[in-house]
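Enquirer: Any chance you can model this:
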Amino acid sequence: MKNLLFTTLLMLLMVSCDKFVEPKENEVDGDLKGCFELSGEKYDLVSDDNGASFTAKVRRTEQSVPFAPEVVAPFNDGDKKEFFLAGFGYTLFNKEGKEILTVKPEESKLSVEQVTKILSLKPGEEADLTINVPQGVEPAKISLSTGLKFVNSGNVKFEGAIGKYGVKNMEVEFNFAEKVVKGKYQYKSSPAGVYLWWNGRIQAIETEDGSYEWDVVIVESNDNGGWCGDFAATLQLTREAKNKDYYFSLFGDFTNFKYDNFKAELKSPLLPELYKEAK
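Expert: Numbers count the residues shown, from 1 in each chain. Coordinates of the predicted model:
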């Protein structure tokens, strides 16, 4: 009898230890494709009264991310940050490879602490991501997806020139959510305290798969509110290579109050430098 009981317990233990979830693929899809990957071969599936859970390992790749950790927040914690929102979704599959549950990044209720840590990882680092599984769902494989939302750039500092005229003290805010642009700057030859002011509109062209571009239309005025020119431009969040940090680039055609036309090319610092003092 004791031997039978021991054998039964051993079999139960072996069965319970045999429950795990594997990555369907290591690549993580979505808006941040290429920036993160699933690591590890399998994750233990632990059951409780509410269902089950498993903890996946997520690694940051060498590819740069289009945000700075100081100004990004998980989708379900967006009230604390207002620049960029990002997060992870997932799809669960059964043993036959059939999709049984999909949760979008903007709808997932993953741990804010865990997602924040993952978004702050440096290349090569990894962190845990716990997935809760409802009762009745028996996953065998998982794939991860990512989402990214542009809310507000904050004050972006730009350097460069409009035509042959260099600019200084330029700060421009792009409110992606409200599609509004506001800014100010001086020409390098301007007297101290004399600014030109920008008000305009912004419209997304492409904001996924590493390509981030917006149409921008700006009206320029002086300190007295008088019209000084128009700027038809393109805003890009770009990088020199996949493993290099992103920066903002603003370029296009500027028409001044004399209806003279100039090419404008403006560039921000790299995102880590631009947002290093952000809270």
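Enquirer: alpha carbons only for contacts and neighbour counts from here, please
Expert: OK.
Enquirer: could you pull out the strands for the stretch 101-250 of the chain?
Expert: Ranges of strands in the stretch 101-250 of the chain, per DSSP state E, counting those that start in this stretch, are 126-134, 141-150, 152-162, 165-175, 180-187, 196-208, 211-221, 227-238, 247-256.
Enquirer: will you turn those into JSON lines that also has distance to residue 56, mean neighbour count and mean pLDDT?
Expert: Output for the strands of the stretch 101-250 of the chain, formatted as JSON lines (distance: least, C-alpha to C-alpha, whole Å; neighbours: other C-alpha atoms under 10 Å; pLDDT from 0 to 100):
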{"stretch": "strand 126-134", "distance to residue 56": "5", "mean neighbour count": "17", "mean pLDDT": "96"}
{"stretch": "strand 141-150", "distance to residue 56": "9", "mean neighbour count": "22", "mean pLDDT": "96"}
{"stretch": "strand 152-162", "distance to residue 56": "31", "mean neighbour count": "19", "mean pLDDT": "96"}
{"stretch": "strand 165-175", "distance to residue 56": "35", "mean neighbour count": "18", "mean pLDDT": "96"}
{"stretch": "strand 180-187", "distance to residue 56": "39", "mean neighbour count": "19", "mean pLDDT": "97"}
{"stretch": "strand 196-208", "distance to residue 56": "25", "mean neighbour count": "18", "mean pLDDT": "92"}
{"stretch": "strand 211-221", "distance to residue 56": "28", "mean neighbour count": "19", "mean pLDDT": "96"}
{"stretch": "strand 227-238", "distance to residue 56": "31", "mean neighbour count": "19", "mean pLDDT": "97"}
{"stretch": "strand 247-256", "distance to residue 56": "31", "mean neighbour count": "19", "mean pLDDT": "97"}
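Enquirer: I'd like those strands laid out as JSON lines, including distance to residue 65.
Expert: Below are these laid out as JSON lines (distance: least, C-alpha to C-alpha, whole Å):
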{"stretch": "strand 126-134", "distance to residue 65": "15"}
{"stretch": "strand 141-150", "distance to residue 65": "10"}
{"stretch": "strand 152-162", "distance to residue 65": "15"}
{"stretch": "strand 165-175", "distance to residue 65": "19"}
{"stretch": "strand 180-187", "distance to residue 65": "24"}
{"stretch": "strand 196-208", "distance to residue 65": "12"}
{"stretch": "strand 211-221", "distance to residue 65": "12"}
{"stretch": "strand 227-238", "distance to residue 65": "11"}
{"stretch": "strand 247-256", "distance to residue 65": "11"}
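Enquirer: Residue 42: which of those strands is closest?
Expert: Checking the strands of the stretch 101-250 of the chain against residue 42 by C-alpha to C-alpha gives strand 141-150 as the closest, at 8.8 Å.
Enquirer: surely residue 23 meets residue 94?
Expert: No - at 11.9 Å, residue 23 does not count as touching residue 94 under the criterion of C-alpha atoms under 8 Å.
Enquirer: what do those two both touch?
Expert: Counting by C-alpha atoms under 8 Å, 6 or more residues apart in numbering, the shared contacts of residue 23 and residue 94 are residue 141.
Enquirer: Which one's more surrounded, those two?
Expert: The residue with more neighbours, out of residue 23 and residue 94, is residue 23; 22 against 16, by other C-alpha atoms under 10 Å.
Enquirer: contacting residues around the more buried one?
Expert: So residue 23 contacts 38, 40, 41, 42, 141, 142, 143 (C-alpha under 8 Å, 6+ apart).
Enquirer: What of residue 264?
Expert: Contacts for residue 264 were tallied using C-alpha under 8 Å, 6+ apart; they are 160, 161, 162, 163, 250, 251, 252, 253, 254.
Enquirer: Turn those into a markdown table, including distance to residue 241.
Expert: Shown next, in a markdown table, are the contacts of residue 264 (distance: C-alpha to C-alpha, whole Å):
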| residue | distance to residue 241 |
| --- | --- |
| 160 | 21 |
| 161 | 24 |
| 162 | 26 |
| 163 | 27 |
| 250 | 18 |
| 251 | 20 |
| 252 | 23 |
| 253 | 26 |
| 254 | 29 |
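Enquirer: residues contacting residue 215?
Expert: Contacts of residue 215 by C-alpha under 8 Å, 6+ apart are 202, 203, 204, 205, 232, 233, 234, 235.
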